[in-house]
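Visitor: I would like to see how this sequence folds:
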Amino acid sequence: MNGPTVKPWKTGTRDKRLRSWFVKSASLAQCLLLAPVCRAEGLWSASIGATNDYVLRGVSQTYDSAAIQLGANYQSPVGWFVGAWGSNVNPYPNAGAAVELDLYAGLTRPIGSDFSARVAYTHYAYLDDPRPAHYDYEEVSVSLAYLDRMAVTLSVLPDLSSYSDIGFARREASGSLEVTGRWPVWRDLSVSAGAGYYDLQRLFGVSYWAGNIGSSYVYRRLTLEVARYFAQGTLSRLYDGQSANGVWSFSAEMRF
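Guide: Residues are numbered from 1 along each chain as shown. Model prediction:
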């Protein structure tokens with residue numbers, strides 16, 4: 001099976017691109033905001049945010065375009081949690097935009113007074129995806145965290161499908177190891193950094209490194225964040241214009 005050919009976005013399609021972006025964003029809002037979680041009472045929480053570029057594992061999911069992102073989460077007193085998170089995506093501009101909807105569940109347990117362990121399952125679904133292949137996939141992750149400062153996460157994706165400049169891979173296993181950290185600087189200002197190793201050997205016979213550094217400021221329920229992304233050259237060979245190497249992102253998120 002051949003995937004869509006990645007081509008630069010042309011200026012003449014700007015109006016069509018904007019209409020599609022607003023339609024997908026409205027669909028995402030309907031999926032999440034009409035749920036009971038909107039009450040945001042007690043152990044329920046919700047969020048709405050916007051970013052100039054949605055980057056996942058060093059790869060732009062919106063092809064250097066803006067995204068609206070919504071989330072809803074329930075955290076039980078005994079440690080288990082469930083939730084949903086979504087964003088408009090457009091990884092292949094000529095194929096049309098879609099909505100990514102992530103459904104997740106897991107369990108967090110303390111280890112002593114400073115450490116905690118977390119196990120999570122996530123189903124990544126792509127709603128109204130115009131691409132000929134189905135790109136939905138699963139992820140199982142295990143994390144070890146130190147307070148809210150640092151975390152190490154090992155993830156296994158048993159059935160990932162992906163199109164790249166090398167070719168199309170369908171339902172192959174991949175994995176990743178990520179380290180993230182966040183440190184307070186002054187009052188509600190903090191700096192953050194992260195790095196990950198991503199194994200795509202079964203898909204394309206390659207692996208790559210990606211990372212980011214940034215800072216965030218929290219004002220009541222609003223969080224403002226800026227980040228700079230870095231990625232190994234292998235990513236450019238795989239996804240051409242989707243590599244986030246050297247990309248700056250600016251995000252705002254409101255929590256309820």
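Visitor: Okay, and the beta partners of Ala84?
Guide: Ala72, Leu103 (DSSP bridges).
Visitor: Check the gap between it and Tyr74 for me.
Guide: 10 Å (CB to CB, to the nearest Å). Yep, even glycine has a C-beta here, placed from its N, CA and C like the rest.
Visitor: what does Val140 give?
Guide: Here Val140 is placed at a distance of 20 Å from Tyr74 (CB to CB).
Visitor: quick one: which helix or strand includes Ser192?
Guide: Assessed by DSSP states H and E, Ser192 sits inside strand 189-200.
Visitor: So which other helices or strands are in contact with that strand?
Guide: strand 168-186, strand 206-219 (3 or more CB pairs under 8 Å, 6 or more residues apart in numbering; DSSP states H and E).
Visitor: residues of the first one that come out buried?
Guide: Within strand 168-186, the residues scored as buried using 16 or more other CB atoms under 10 Å are 168-169, 172, 174-176, 178, 180, 182.
Visitor: Compute the inter-axis angle for that strand and strand 206-219.
Guide: 40 degrees (axes from the mean of the first three to the mean of the last three CA atoms, to 10 degrees).
Visitor: mind checking how far strand 168-186 is from the chain centre?
Guide: Put simply, strand 168-186 sits 10 Å off its chain's centre (CA atoms, centre = their mean, to the nearest Å).
Visitor: Report the rounded mean pLDDT for it.
Guide: In this model, strand 168-186 has a mean pLDDT of 96.
Visitor: what do you get for stretch 67-78?
Guide: For stretch 67-78, the per-residue pLDDT averages 96.
Visitor: Let's see that stretch as CSV, backbone CA atoms only.
Guide: What follows is stretch 67-78, C-alpha atoms only, in CSV (Å, rounded to 0.1, in the frame of the first residue of the first chain):
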residue,chain,number,x,y,z
ALA,A,67,-3.8,23.4,16.5
ILE,A,68,-6.6,23.6,19.1
GLN,A,69,-6.4,21.0,21.8
LEU,A,70,-9.0,19.9,24.3
GLY,A,71,-8.7,17.4,27.2
ALA,A,72,-10.8,15.8,29.9
ASN,A,73,-9.6,13.7,32.8
TYR,A,74,-10.9,11.9,35.9
GLN,A,75,-8.4,11.0,38.7
SER,A,76,-9.7,8.7,41.4
PRO,A,77,-8.5,9.0,45.1
VAL,A,78,-6.9,5.5,44.9
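Visitor: Next, the buried residues of that stretch.
Guide: So for stretch 67-78, counting by 16+ other CB under 10 Å, buried means 67-74.
Visitor: Out of these, which is nearest to Ser192?
Guide: In terms of CB to CB, no member of the buried residues of stretch 67-78 lies closer to Ser192 than Gln69, at 17.5 Å.
Visitor: Not counting sequence-adjacent ones, nearest residue to the closest one?
Guide: Using CB to CB, 6 or more residues apart in numbering and skipping the chain neighbours, the partner closest in space to Gln69 is Ser87 (4.3 Å).
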